[in-house]
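Participant: task: produce atomic coordinates for the following.
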Amino acid sequence: MYGLKPTYGLVPNVGRPNAFASHTPMSHKGPMARTVEDAAVSLDVMAGPHPRDPFSIPAQASYREAVDRPVDDLSIAYSPDMGTYPVEPAVREVLDDAVSAFERAGATVDEVDPDLGHTQTEILNAYYTMATVRWQSLFDTLEEQGFDPRGDDRDRLRPYLVDLILEAEEPSTREYKRADRVRTRIFDGLQDLFAEYDVLATATVGVTAFEHGDEPESIDGTDIEPLRGWVLTQPYNFTGHPAASIPAGFVDDLPVGLQLAGQRHADDIVIAASAAFERQRPWHDAYPN
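Facilitator: Predicted structure coming up:
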């Protein structure tokens with residue numbers, strides 16, 4: 001599958017009763033499809049402003065037309081770990097091989113070491129600070145609708161929501177706003193990179209798939225937070241940049257994702273790079289064994 005998380009606001013979100021809930025951290029709506037072209041056609045239909053979404057933005061291009069665009073002038077920064085996250089050596093090996101497809105398509109690829117200004121733990125703590133406030137607000141809404149997430153219906157919640165949200169001490173307003181400073185450093189680090197490059201290519205996640213309930217506690221000798229410490233998509237929930245996940249290959253018959261991100265509002269460039277990769281390494285009929 002090809003998944004595209006568009007620039008925040010490109011696909012409107014008209015959630016109620018809180019129209020502003022999707023902003024902190026940012027949650028994006030976007031297409032998943034078997035091919036880049038199908039995703040681009042879907043985005044053409046989905047994208048655009050909505051009068052009930054305070055963050056919605058106009059579409060910036062014909063996304064279907066971007067599929068056929070040459071990429072000879074694109075510069076791609078490659079950092080499998082985003083300069084911050086541990087990545088399994090086998091996943092890194094697949095990605096190292098996969099990025100050569102961009103060079104065959106005519107793009108320039110440089111290996112880089114982005115500076116997001118914070119450790120993986122600091123990034124994750126800021127995310128959980130924001131997410132705790134957001135989920136507690138959601139629980140308030142569910143209570144108004146007759147659901148009891150803090151009482152009789154508690155056992156119906158995912159265990160991580162109980163551990164991380166209900167059992168956690170609610171952050172103060174000052175802690176909540178301090179998390180925006182982490183968010184700002186990450187945003188600035190990415191903006192510095194996108195001032196020099198069109199696309200940042202990384203792992204989508206640092207591991208291959210694992211059994212439900214058997215989340216990894218370390219990657220390549222580095223201890224991680226098991227629920228989200230392997231997720232390289234998370235920084236873009238702070239910054240709003242568009243990001244796509246491309247099937248890049250397999251490790252022991254399990255899929256590996258290559259994440260492509262671009263400047264805010266440059267969704268067409270992310271799509272063009274994705275389509276160029278797909279032409280070099282088509283995946284829609286690729287299955288292990």
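Participant: may I see the buried residues of stretch 54-69?
Facilitator: Under the neighbour-count criterion of 16 or more other Cβ atoms under 10 Å, stretch 54-69 has Phe55, Ser56, Ile57, Ala59, Ala61, Tyr63, Arg64, Ala66, Val67, Arg69 buried. No exception for glycine: its C-beta is placed from N, CA and C like everyone else's.
Participant: I meant stretch 164-175, not that one.
Facilitator: Leu164, Ile165, Pro171, Glu175.
Participant: Arg134 is in contact with the third one, correct?
Facilitator: The one in question is Pro171. No - taking Cβ atoms under 8 Å as the definition, Pro171 is not a contact partner of Arg134, at 11.1 Å.
Participant: please enumerate the helices of the stretch 1-150 of the chain.
Facilitator: Ranges of helices within the stretch 1-150 of the chain are 36-46, 63-66, 89-98, 100-104, 120-144, based on DSSP state H, counting those that start in this stretch.
Participant: output these in a markdown table, with distance to Gly249 and mean pLDDT appended to each entry.
Facilitator: Shown next, in a markdown table, are the helices of the stretch 1-150 of the chain (distance: least, Cβ to Cβ, whole Å; pLDDT from 0 to 100):
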| stretch | distance to Gly249 | mean pLDDT |
| --- | --- | --- |
| helix 36-46 | 17 | 98 |
| helix 63-66 | 24 | 98 |
| helix 89-98 | 4 | 98 |
| helix 100-104 | 11 | 97 |
| helix 120-144 | 24 | 92 |
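Participant: so which of the buried residues of stretch 54-69 would you say is closest to Thr119?
Facilitator: Phe55 (29.1 Å; Cβ to Cβ).
Participant: return the residues in contact with that closest one.
Facilitator: Applying Cβ atoms under 8 Å, 6 or more residues apart in numbering to Phe55 gives the contacts Tyr8, Gly9, Asn13, Phe20, Ser22, His23.
Participant: out of the buried residues of stretch 164-175, which comes closest to Asp115?
Facilitator: Glu175 (24.3 Å).
Participant: nearest spatial neighbour of that closest one, skipping sequence neighbours?
Facilitator: What sits nearest to Glu175 in space, not counting adjacent residues and going by Cβ to Cβ, 6 or more residues apart in numbering, is Thr129, at 5.8 Å.
Participant: tell me, how many residues neighbour the one you found?
Facilitator: Using other Cβ atoms under 10 Å, the number of residues around Thr129 comes to 23.
Participant: tell me which residue is most central in the protein.
Facilitator: Thr233 (2.9 Å; Cα atoms, centre = their mean).
Participant: OK, contacts around that residue?
Facilitator: Lys5, Thr204, Val205, Ala243, Ser245, Gln259.
Participant: and for the second one, the neighbour number?
Facilitator: Residue neighbour count, defined by other Cβ under 10 Å, stands at 23 for Thr204.
Participant: in a helix, Val256, correct?
Facilitator: No - Val256: not assigned to a helix; according to DSSP: H, G, I helix; E, B strand; the rest coil it is strand.
Participant: got a list of what the residue nearest to it when sequence neighbours are not counted touches?
Facilitator: Leaving aside its chain neighbours, Val256 sits nearest to Val94 (4.5 Å; criterion: Cβ to Cβ, 6+ apart). Contacts for Val94 (Cβ under 8 Å, 6+ apart) come out as Ala248, Gly249, Phe250, Val251, Val256.
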